[in-house]
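Enquirer: How does the following fold in three dimensions:
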Amino acid sequence: MAERICVGAIAGAFGVRGEVRLKSFTSEPNDIANYGPLWSEDGKRSFTVRLSRPVTGGLGARLSGVETREDAEALKGVTLWADRDKLPALPDDEFYHTDLIGLSVYDAGGVLIGKVRAVYDHGAGDILEIFGPGRKQTLLLPFTRAFVPTVDIAAGRIIADPPEETDEEPEE
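Expert: Residues are numbered from 1 along each chain as shown. I've put the predicted structure just below:
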């Protein structure tokens, strides 16, 4: 289990007084301000967050220690991480993406399919990217009960029921 979880990113400067445009990765975007202090990925900087207003593409926010537009611009692309113990506990059927990455994925017969390399959310539901030895390409698997009936974080494994794969080239 990760000690910190990525909850947002700084998308750039907003205004001339050090405000930043903040992209929140939390289920309720405004909750990002409640999980502070937030840390840079390397853990060298911490910020308290005060949301100012909704802006195009995210939230306007003031970060502690960021006083000028130049300070804000220098932080563009920095991801913001919250201590796990500041985040809410999740129901049994919900997971933080960071906890899924690296889990071994087995089919219902116990055959290793691979490991979760990434979790994507393009708006229509989460997708697991699975890659492993002997695979020619990654497997993208919808993260639904139909395709992923069992997730056992403690055991470090997922049981999946992927659709049948074929090695055939598509016909044109």
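
Enquirer: alpha carbons only for contacts and neighbour counts from here, please
Expert: Fine.

Enquirer: Would you enumerate the residues in contact with residue 101?
Expert: 115, 116, 117, 118, 119 (CA atoms under 8 Å, 6 or more residues apart in numbering).

Enquirer: could you redo the last one with a cut-off of 7 Å?
Expert: Contact partners of residue 101, counting by CA atoms under 7 Å, 6 or more residues apart in numbering, are 116, 117, 118.

Enquirer: nearest spatial neighbour of it, skipping sequence neighbours?
Expert: Distance criterion CA to CA, 6 or more residues apart in numbering; nearest residue to residue 101, sequence neighbours excluded, is residue 116 at 5.0 Å.

Enquirer: isn't that neighbour right up against residue 130?
Expert: Yes: contact criterion CA atoms under 7 Å: residue 116 and residue 130 qualify, at 4.5 Å.

Enquirer: Okay, helices next: where are they in the protein?
Expert: 69-74, 97-100 (DSSP state H).

Enquirer: Only the buried residues of the helix or strand bottoming out on mean pLDDT in the chain, if you could.
Expert: Least confident helix or strand of the chain, by mean pLDDT, DSSP states H and E, is helix 97-100 with a mean of 86. Buried residues in helix 97-100, counting neighbours by 16 or more other CA atoms under 10 Å, are found at residue 100.

Enquirer: do the same with stretch 5-23
Expert: In stretch 5-23, the ones that count as buried by 16+ other CA under 10 Å are 5-14, 18-23.

Enquirer: same check, this time on stretch 39-56
Expert: Buried residues in stretch 39-56, counted by 16+ other CA under 10 Å: 39, 40, 41, 46, 47, 48, 49, 50, 51.

Enquirer: what about the third one, distance to residue 3?
Expert: The reference is to residue 41. 11 Å (CA to CA, to the nearest Å).

Enquirer: Same question for residue 10.
Expert: 21 Å.

Enquirer: Over to residue 17?
Expert: Taken as CA to CA, the span from residue 17 to residue 3 is 33 Å.

Enquirer: Kindly report the same for residue 40.
Expert: Distance, residue 40 to residue 3, using CA to CA: 13 Å.

Enquirer: Domain ranges for the chain, per the record?
Expert: 4-85, 97-159 (automatic domain parsing).

Enquirer: In CSV: those domains, plus distance to residue 91.
Expert: Below are the domains of the chain laid out as CSV (distance: least, CA to CA, whole Å):
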stretch, distance to residue 91
domain 4-85, 14
domain 97-159, 13
